[in-house]
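Undergrad: Below is the structure, and that's it, no one-letter string:
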């Protein structure tokens with residue numbers, strides 16, 4: 001019963017543990033999915049945007065870095081015959097860096113212009129250009145500005161020296177959409193890696209370009225295996241599996257041991273009952289005495305709160321309490337008349353004989369004490385050693401009451417069994433004398449509750 005309760009408790013604990021691990025895993029998956037679906041925004045302008053310093057607290061950073069090589073041209077918008085170069089070409093790199101241990105799945109950035117410039121070229125990704133004129137708004141995506149054909153679009157453009165430029169006025173902007181083709185492979189952006197898209201534009205000579213604002217948007221692709229809670233759930237699952245396998249192996253071993261123990265117990269019980277059968281067969285008047293005393297003793301022990309395993313042990317000890325009678329001659333055991341002193345001494349010797357027989361029975365703890373001391377009296381007037389009170393082993397005090405009751409409740413060669421009233425009276429009268437008062441009270445309660453039958 002105890003083992004069944006422990007097994008059920010273990011199964012419940014394993015089930016609850018697995019449920020918690022699964023909850024942690026699901027929480028991790030939800031958390032990572034939410035993290036990966038979140039669009040992050042960063043904005044860069046002023047000194048930070050034009051700085052080459054990549055030390056930043058931002059998860060994803062972008063810079064606008066001009067190259068040293070420049071050239072100039074004449075932009076004669078009104079065909080006035082201008083000869084002096086009035087516009088300079090600038091090549092700007094926009095290094096984008098992933099500053100985290102997670103992969104950036106996708107990104108885009110928007111460059112807002114605060115002055116009029118002219119776009120000539122861009123590389124790697126596509127440009128979604130927004131021209132916001134007073135009379136109209138025009139938005140179109142150019143897959144590759146290097147292959148720009150003005151006839152395919154309706155942008156506000158100008159052409160000088162065979163180059164067609166897209167006019168970007170104050171307030172206009174473009175969105176840079178990264179390329180994922182094999183040549184560029186700007187996305188996904190690996191942890192702590194970067195990419196460098198760029199543009200070429202023209203601005204008036206001498207004009208300072210420092211008022212741009214770049215907004216960048218990006219999404220992460222965090223691997224589930226990098227999430228702390230998922231790792232904790234994996235560790236928990238690993239430990240759960242180890243514990244489960246260990247429990248199954250241990251349970252199998254315990255079950256195997258229990259089956260072997262039960263078979264051994266059955267063999268021991270059968271051997272003991274066979275042996276006690278030989279003892280009881282010596283005297284037809286006491287046939288079944290050992291079994292009845294064992295049952296009564298077990299009932300007393302049960303009332304005292306002993307476990308099932310202990311009750312089984314106590315039952316076996318009580319079964320063997322009279323084993324010493326195997327050496328008592330039948331002429332004395334079956335004598336119908338009163339025994340003389342010498343014969344009584346032989347009868348009393350069955351306790352010592354029993355103790356000697358059982359002293360090496362180490363696997364049944366207390367067996368020797370049950371046989372040797374069950375005729376000791378609580379007042380110290382018993383035999384074989386005259387022990388008294390608590391000095392008498394508890395098992396012997398229990399057997400003493402059960403043994404005396406069965407003697408009074410059985411027909412013997414020298415008298416008939418006693419009535420219920422007389423038996424109760426005898427037990428009451430001998431509390432503290434022959435019997436341990438506590439054992440006597442327990443047995444009287446068993447009689448009154450009908451758990452021990454008389455007659």
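TA: Structure's in. What do you need? Note that this is a predicted model, so its numbers are computed, not measured.

Undergrad: Kindly report the domain assignment for this structure.
TA: Per automatic domain parsing, the structural domains of the chain span 1-37+237-267, 39-226, 282-448.

Undergrad: Rebuild the ones you listed as a markdown table, extending it with distance to residue 276 and mean pLDDT.
TA: For the C-beta atoms, the positions are set from N, CA and C on the backbone; glycine is no exception. As requested, these are exported to a markdown table (distance: least, C-beta to C-beta, whole Å; pLDDT from 0 to 100):
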| stretch | distance to residue 276 | mean pLDDT |
| --- | --- | --- |
| domain 1-37+237-267 | 15 | 87 |
| domain 39-226 | 69 | 92 |
| domain 282-448 | 4 | 89 |
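
Undergrad: most tightly surrounded among those?
TA: Per residue and on average, the most neighbours among those fall to domain 282-448, with a mean of 18 (mean count of other C-beta atoms under 10 Å).

Undergrad: can the domains of the chain go into a markdown table with extra columns for distance to residue 273?
TA: Listed next are those as a markdown table, based on distance: least, C-beta to C-beta, whole Å:
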| stretch | distance to residue 273 |
| --- | --- |
| domain 1-37+237-267 | 10 |
| domain 39-226 | 65 |
| domain 282-448 | 7 |
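
Undergrad: With respect to residue 454, which of these lies nearest?
TA: Nearest to residue 454, of all the domains of the chain, is domain 282-448, at 4.3 Å by C-beta to C-beta.

Undergrad: Which strands or helices does the longest helix seen in the chain pack on?
TA: Criterion DSSP state H: the longest helix present in the chain is helix 228-281. Applying 3 or more C-beta pairs under 8 Å, 6 or more residues apart in numbering; DSSP states H and E, one finds that helix 228-281 contacts helix 2-37, helix 289-303, helix 308-319.

Undergrad: Ok, which of those comes nearest residue 411?
TA: Closest among the helices and strands packed on helix 228-281, using C-beta to C-beta: helix 289-303, at 11.3 Å.

Undergrad: those strands in the stretch 51-200 of the chain, which residues are they?
TA: Ranges of strands in the stretch 51-200 of the chain, per DSSP state E, counting those that start in this stretch, are 60-62, 65-66, 71-73, 87-93, 96-98, 103-112, 117-123, 126-132, 137-142, 157-160, 163-168, 173-177, 194-195, 198-204.

Undergrad: out of those strands, nearest to residue 258?
TA: Closest to residue 258 of those, according to C-beta to C-beta: strand 103-112, at 55.1 Å.

Undergrad: Now do that closest one: distance to the chain's middle.
TA: Remark: strand 103-112 is offset 42 Å from the chain centroid, using C-alpha atoms, centre = their mean, to the nearest Å.

Undergrad: Identify whichever of the strands of the stretch 51-200 of the chain lies nearest to residue 51.
TA: Nearest of those to residue 51, taken as C-beta to C-beta: strand 65-66 at 8.9 Å.

Undergrad: helices and strands around that closest one, which ones?
TA: strand 87-93.

Undergrad: And the strand it packs on, what does it pack against?
TA: strand 65-66, strand 71-73, strand 198-204.

Undergrad: So what would you say the end-to-end distance of stretch 71-84 is?
TA: 13 Å (C-alpha to C-alpha, to the nearest Å).

Undergrad: meant to ask about stretch 386-404, not that
TA: Start-to-end, stretch 386-404 (C-alpha to C-alpha) is 18 Å.

Undergrad: what's that stretch in contact with?
TA: 292-293, 296-297, 300-301, 314, 317-318, 321, 366, 369-370, 372-380, 426-427, 430, 434-436, 439-440, 443 (C-beta atoms under 8 Å, 6 or more residues apart in numbering).

Undergrad: how close does the residue of the chain most remote from its centre get to residue 74?
TA: Outermost residue of the chain with respect to the C-alpha centroid, by C-alpha atoms, centre = their mean, is residue 81; its distance is 84.9 Å. The gap separating residue 81 from residue 74 is 10 Å, by C-beta to C-beta, to the nearest Å.

Undergrad: got it, and residue 91?
TA: For residue 91, the distance to residue 74 equals 19 Å [C-beta to C-beta].

Undergrad: Please apply the same query to residue 112.
TA: Per C-beta to C-beta, residue 112 is found 28 Å from residue 74.

Undergrad: do the same with residue 442
TA: For residue 442 relative to residue 74 (C-beta to C-beta), the value is 122 Å.

Undergrad: In space, what's closest to residue 43 - neighbours in sequence excluded?
TA: The shortest distance from residue 43 to any non-neighbouring residue, by C-beta to C-beta, 6 or more residues apart in numbering, is to residue 215 (5.0 Å).

Undergrad: So that neighbour belongs to a strand, correct?
TA: Yes - under DSSP: H, G, I helix; E, B strand; the rest coil, residue 215 sits within a strand.

Undergrad: in terms of contact, does it touch residue 109 like I think?
TA: Yes - assessed by C-beta atoms under 8 Å, residue 215 is found in contact with residue 109 at 6.5 Å.

Undergrad: any residues touching stretch 51-61, and which ones?
TA: 40, 42, 44, 63, 65, 95-100, 104, 107, 216, 218, 220.

Undergrad: Quick check: the farthest pair among the residues you listed?
TA: 65 and 220 (24.9 Å).

Undergrad: gap between the closest residue to residue 216 other than its chain neighbours and residue 395?
TA: Using C-beta to C-beta, 6+ apart and skipping the chain neighbours, the partner closest in space to residue 216 is residue 109 (4.1 Å). For residue 109, the distance to residue 395 equals 90 Å [C-beta to C-beta].

Undergrad: before we move on, back to that, contacting residues for the residue farthest from the centre of the chain?
TA: Listed by C-beta under 8 Å, 6+ apart, residue 81 has no contact partners.

Undergrad: can you pull out the helices in the stretch 351-455 of the chain?
TA: With DSSP state H, counting those that start in this stretch as the criterion, the stretch 351-455 of the chain has helices at 367-373, 394-408, 420-429, 437-448.

Undergrad: out of the ones you listed, nearest to residue 230?
TA: When the helices of the stretch 351-455 of the chain are compared (using C-beta to C-beta), the closest one is helix 394-408, at 58.6 Å.

Undergrad: Excluding covalently adjacent residues, which one is nearest to residue 265?
TA: In this structure, residue 265 finds its nearest non-sequential neighbour in residue 312, 6.9 Å apart by C-beta to C-beta, 6+ apart.

Undergrad: Now that that neighbour has come up, it's in contact with residue 266, right?
TA: No - applying C-beta under 8 Å as the test, residue 312 and residue 266 come out as separate, 11.1 Å apart.

Undergrad: ok, for the most centrally placed residue in the chain, nearest residue in space, not its chain neighbours?
TA: With distances taken as C-alpha atoms, centre = their mean, the residue of the chain nearest its centroid is residue 17 (3.7 Å). Counting by C-beta to C-beta, 6+ apart, residue 17 lies nearest to residue 240, which is 5.6 Å off, once chain neighbours are set aside.

Undergrad: quick one, what contacts the one you found?
TA: Going by C-beta under 8 Å, 6+ apart, residue 240 touches 14, 17, 18, 21.

Undergrad: Mind doing that once more with 10 Å?
TA: Counting by C-beta atoms under 10 Å, 6 or more residues apart in numbering, residue 240 makes contact with 14, 17, 18, 20, 21, 233.
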